[in-house]
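A.B. asks: could you work out the structure for the sequence below:
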Amino acid sequence: MQSETYYHIYNHANGSENLFRSQENYRYFLQQWSKYIEPIAETYCYCLMPNHFHVLVRVRSEDEVLQFFRLKQPALQGFGTLGGFSAIISRQFSHLFNSYTQAYNKMYSRKGSLFMSNFKQKEITTDDYLSKIIHYLHHNPVHHRFCKHYKDWPHSSYHALISNQHTRLQRRAVLEWFGGKEEFTKFHQQNIEYPEQIKLE
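C.D. replies: Sure thing, here's the model as predicted:
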């Protein structure tokens, strides 16, 4: 993964298992996301569903990421000794999945891996793709029949993005991208034809 680049990140539980069985599971996943992913990527929107999740992120600049790791290793000069920038980013996601799995396994007296071994990361290559992936993420629970309307799903970023309450999301950037809150909500009310990149995800 490259710095200052948008990615659609997604992953699925192994087999027919669920990643989230309770409200506490959803809350804890977001807590661990803040711990491991916020230092290396800005989060624009997300959707968590029982057996999989989708997130839109923008990887931070190399300087920002380096500053974070210098908090632990003040003498750190670059990413060479850490295996390279891309490896560091992937390692943070591994830390997220491993920490969540450990807590989940303890809670449910379970053993073994929970997530698919390789999480997916698709680079967002066009403005049209960026707009439509946000629509896609928020409508995904309807597509998978977890609810009848995207506004009914409590575990996506849609409500946080249109509220005035504190959020760790890049709310201002998302709303400005669509031209404001009203345009953002209107865009979500439309039936969108998704590009091929999204249909394959």
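A.B. asks: just name the shakiest helix or strand of the chain by mean pLDDT.
C.D. replies: Using mean pLDDT, DSSP states H and E, the weakest-scoring helix or strand in the chain turns out to be helix 196-199, at a mean of 72.
A.B. asks: which parts of that helix are buried?
C.D. replies: For helix 196-199, a neighbour-count test (16 or more other Cβ atoms under 10 Å) marks Gln197, Ile198 as buried. (Each C-beta comes from the backbone N, C-alpha and C, glycine too.)
A.B. asks: packing partners of that helix?
C.D. replies: In terms of contacts (3 or more Cβ pairs under 8 Å, 6 or more residues apart in numbering; DSSP states H and E), helix 196-199 is packed against helix 127-143.
A.B. asks: who are the packing partners of the next helix or strand after the helix it packs on?
C.D. replies: Counting by DSSP states H and E, the next helix or strand C-terminal to helix 127-143 is helix 158-162. Judged by 3+ Cβ pairs under 8 Å, 6+ apart, helix 158-162 is in contact with helix 171-178, helix 181-189.
A.B. asks: using a markdown table, lay out those helices together with mean pLDDT and mean neighbour count.
C.D. replies: Output for the helices and strands packed on helix 158-162, formatted as a markdown table (pLDDT from 0 to 100; neighbours: other Cβ atoms under 10 Å):
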| stretch | mean pLDDT | mean neighbour count |
| --- | --- | --- |
| helix 171-178 | 97 | 16 |
| helix 181-189 | 97 | 15 |
